[in-house]
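please find the sequence and the predicted model below.
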Amino acid sequence: MGVNILEFQDYLNNKIDCCCGKKHKTMVKKIILSHGAIDDLANIFEANSLPDDIFIVSDSNTYKAAAKKVVEVLREAKYKVKELVF
C-alpha cells in the first residue's frame, strides 16, 4: 500500500491519533514535491522566514541522493550550514 500526496496533507501541523494510544502533533507545515525543489530551497527558506543557521542530518545514501545538493544550494545562498552524515 503506497502513500499518496493527499494522505500527507492530513498530517501537516495536525494532531494524530496513534496506535500507541497517544496523540502526536506534527510541526511540518508544508511538503513540496516537485522537480527542481532543491534548487529553490533558498527562496523557500526566505519566504517562510526560516533561520540562517541550518543543520542537515542524513545517512550516506541520502547524502549522495539529495543532501549534498541541499548543502551546496544553501551555502551558495549564504546560509550557515552544518552537516552530519552517518
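Perfect, I can see it now.

tell me the mean pLDDT for the longest helix along the chain?
Ranked by number of residues, the top helix in the chain under DSSP state H is helix 68-76. Mean pLDDT, taken over the full extent of helix 68-76, equals 97.

please apply the same query to stretch 30-44.
The predicted model assigns stretch 30-44 a mean pLDDT of 90.

quick one: contacts of it?
The contact list for stretch 30-44 (Cβ atoms under 8 Å, 6 or more residues apart in numbering) reads Ile5, Phe8, Leu12, Asn48, Ala66, Lys69, Val70, Val73, Leu74, Glu76, Ala77, Tyr79. For the C-beta atoms, the positions are set from N, CA and C on the backbone; glycine is no exception.

recalculate using a threshold of 6 Å.
With contact meaning Cβ atoms under 6 Å, 6 or more residues apart in numbering, stretch 30-44 is reached by Phe8, Lys69, Val70, Val73, Ala77.

out of the residues you listed, flag the one nearest to Asp53.
Among the contacts of stretch 30-44, Ala77 lies closest to Asp53 (Cβ to Cβ), at 13.1 Å.

partner residues bridging Asp53?
With DSSP bridges as the criterion, the beta-bridge partners of Asp53 are Lys80.

any figure for the gap between it and Leu74?
When distances are taken as Cβ to Cβ, to the nearest Å, Asp53 and Leu74 turn out to be 10 Å apart.

looking at those two, which one has more neighbours?
Set side by side, Asp53 and Leu74 give different neighbour counts by other Cβ atoms under 10 Å, the larger being at Leu74 (20 against 9).
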